[in-house]
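Trainee: Sequence and predicted structure, then a few things I'm wondering about:
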Amino acid sequence: MSEDDVSLDANVLALEVLHRIFAKIDTDGNKRISIEELTVALTDLGFDSPRTVAEQVMVQADTDLSGDLDFDEFAEVMALIEQRGLADSFGLLFHGFDKDADGTIDEYEFREMFAFLGVEVDDAEIKVLFDNADADNDGRIDPIEALEALKRL
Ligand SMILES: [Ca+2]
Ligand SMILES: [Ca+2]
Ligand SMILES: [Ca+2]
């Protein structure tokens, strides 16, 4: 086995990164995201009314009505993101990470996004994730490509 032959599977990697994001939000480490933990995360992301958005997310994603989100429910949030109240939040987040405001996220902005989230992703992983999301290979992720990538999670 040569190291050079190892290619990262984009879907496996995306799931792994999602686990890292989950662990980052789950500050008490009990493997569940409470509404308080979600509110803190949304506050860090710059939401104006983080508590309200957190409540919307909970209503839609907490399918077993436990009052918090396990990993599977959290992953489902990504699939729900273009529905109902969450579409506006997605737009706000996207434009927040589009630092040069050209309407797309380039590889530099993409890298900055993970740095901002505090999630460790190395250069090779960034490249795989970026190329996977950049469906038309123009070197930029537009909002539609970003949504499609999230829905594949
Ligand atoms: Ca927790
Ligand atoms: Ca940009
Ligand atoms: Ca593109």
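Mentor: Cool, the structure landed. Ligands and ions are numbered 1, 2, ... in the order given.
Trainee: helix or strand right after the longest helix out of those in the chain?
Mentor: Scanning the chain for the longest helix, with DSSP state H as the assignment, gives helix 10-25. Using DSSP states H and E, the helix or strand that follows helix 10-25 in sequence is strand 33-34.
Trainee: How far off centre is that following strand?
Mentor: Put simply, strand 33-34 sits 16 Å off its chain's centre (C-alpha atoms, centre = their mean, to the nearest Å).
Trainee: Each with direction, which strands does that strand pair with?
Mentor: The strands beside strand 33-34 in its sheet (DSSP bridges) come out as strand 68-69 (antiparallel).
Trainee: next SSE after the partner strand?
Mentor: helix 71-80.
Trainee: Surely Met113 and Ile105 touch.
Mentor: Yes. With contact defined as C-beta atoms under 8 Å, Met113 counts as touching Ile105 (7.2 Å). All C-beta spots, glycine's among them, are computed from the backbone N, C-alpha and C.
Trainee: Which positions in the longest helix of the chain come out as buried?
Mentor: 10, 13-14, 17-18, 21-22, 25 (16 or more other C-beta atoms under 10 Å).
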